[in-house]
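**Student:** what follows is a predicted protein model with its sequence.
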Amino acid sequence: MTEQTTCCAPKPASPLQRLWSEHRIWLISALILLILAIFDTAQAMQSATFTAKALLHTAPYLILSIGIAAWAGATGADNLIARAFTGAPALMILLGALAGGLSPFCSCGVIPLIAALLAMGVPLSAVMAFWLASPIMDPSMFVLTTGVLGLEFAIAKTIAAIGLGVFGGTVVQLLSRGGGLANPLREGIGNGGCGASAVRAPKPVVWRFWQDRDRLNKFARVAWDTTLFLAKWLTLAFLIESLMLAWIPAETVTATLGGTGLLPIISATLVGVPAYLNGYAALPLVGGLIEQGMAPGAGLAFLVAGGVTSIPAAMAVWALARPPVFALYIALSLSGAFVAGLLFQFWQMV
C-alpha cells in the first residue's frame, strides 16, 4: 500500500512550472513584446508606449477600484450578499440580480457560493439571477468601465447585468413550477467553499476596519493582490489592443461587427464566447473595436455574453451544474446579451 501511494504521488512542480502557473499573464505580455522586438522593433516600441499611456490614463479609476475591492474585503461588506436571499420568489429574484450586479464579490467565491446556496435550499430562480448578473458588473468594474468606455456605457452594462439576472431568474421560476430543474447540482457537489460561510452564518460588517489590525492587514493584502491582478490583465489587454489597432483594418471590423442592424449584434454575442479574455481585459479591447467601427450595441452584447459564457466561466458552471441547468444558463446568457445589445443600439439611435 505504501509503495503504491508513493508511486502514484504527484511529482513536485519544477521552478519553470511554478513560474508559468503563478505569472503566466506577465510572461505572455513579455513574450509578445519580445517577439515584436525581434520581428518588428518599431511596433514593439509603439505597443509599449501605447500600453504605458493607457495604463497611466486608467490609473485614477484603477486606484479607486482597488480601494473599493480592498474596503469590501476588510470590512466584510460582501457578507451583505447573504441578506438578498430571503423573501417571496419575485423579491428574491430581484434582490439576487441586484446583489450579483452590484456586489464586490470575488471571482473565487462565486462558484462555491452558488453551490452553497443551492445546497441550502435557496430556489434556483434566485440563485440563477445572482449567477447570471455576477460576472458582468461590480463596483470596481463599473469604475473601470467608466474610465475606458464612458459613463453611459457603464450604466448600460449595469442595467444589462441586473436585467439579465431578473430575466433568467423569472424564466427559471416559471420552468420550476412544473417540477423541472430539480436537483440542479451534480452528484457530490454542495459542500460550499470560499464565500459559502458568509451565507450560512453572515457576520456583522465592521465599517471602521482600520481599528482592527487583522482587518487592516487584510485591506493591505487585498489591495496588493487586486493591484497585481488588474495590472497584469490590463497590461496584456492594452498590448493586444495596440496590435489590434495596428493590424486589423477598420473596414474588416466595420464589415463584421459594425453597423446598426441585427447581424453585428448577433456576431458580437457569439464571438464573445471564445474571444473573451477577462472582464477587465475585455474593456480596452471593446474600446479599440468601437474606435474601429464596432457598433456600441454589439460591444455591449460582446461584454455581456463573454462575461457570462467565456470558456473558463462555462467550464466552471459545467463542473458544478447538471447538463440541463448548464444548457439553460448558456441559453439565457446568450439571448439576454443579444436583447441587451439590441436595446442599447436602439437607445444610441434615438
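**Tutor:** Yep, that arrived. Predicted model, so just to flag it, every value in this text is computed and none were measured.

**Student:** could you pull out the helices in the stretch 1-150 of the chain for me?
**Tutor:** Under the criterion DSSP state H, counting those that start in this stretch, helices of the stretch 1-150 of the chain are mapped to 2-8, 15-39, 41-75, 89-102, 107-119, 124-133, 139-149.

**Student:** what pLDDT does V339 get?
**Tutor:** The model reports V339 with a pLDDT of 93.

**Student:** who's in contact with it?
**Tutor:** Each residue near V339 by CB atoms under 8 Å, 6 or more residues apart in numbering is listed here: F167. All C-beta atoms are positioned from the backbone trio N, CA, C, and that covers glycine.

**Student:** tell me which element it falls in.
**Tutor:** For V339, the host element (DSSP states H and E) is helix 323-349.

**Student:** tell me what angle that helix forms with helix 124-133.
**Tutor:** Using axes from the mean of the first three to the mean of the last three CA atoms, to 10 degrees, the inter-axis angle of helix 323-349 relative to helix 124-133 is 50 degrees.

**Student:** surely L33 and Q43 touch.
**Tutor:** No - with contact defined as CB atoms under 8 Å, L33 does not count as touching Q43 (9.9 Å).

**Student:** ranking the helices of the stretch 1-150 of the chain by mean pLDDT, which is last?
**Tutor:** helix 2-8 has the lowest average pLDDT among these, namely a mean of 50.

**Student:** and the helix or strand harbouring L285, what does it pack onto?
**Tutor:** Taking DSSP H and E as the criterion, L285 maps to helix 279-291. The helices and strands touching helix 279-291, judged by 3 or more CB pairs under 8 Å, 6 or more residues apart in numbering; DSSP states H and E, are helix 139-149, helix 213-247, helix 296-309.

**Student:** list of residues touching that helix?
**Tutor:** Contacts for helix 279-291 (CB under 8 Å, 6+ apart): 54, 135-136, 141, 144-145, 148-149, 229-230, 233-234, 236-238, 240-241, 244-245, 253, 257, 276-277, 294, 296, 299, 302-303, 306-307.

**Student:** so what's A97 up against?
**Tutor:** 129-130, 132-133, 161-166, 169.

**Student:** give me the nearest residue to it, chain neighbours excluded.
**Tutor:** Closest residue to A97 apart from its sequence neighbours, by CB to CB, 6 or more residues apart in numbering: G165 at 2.8 Å.
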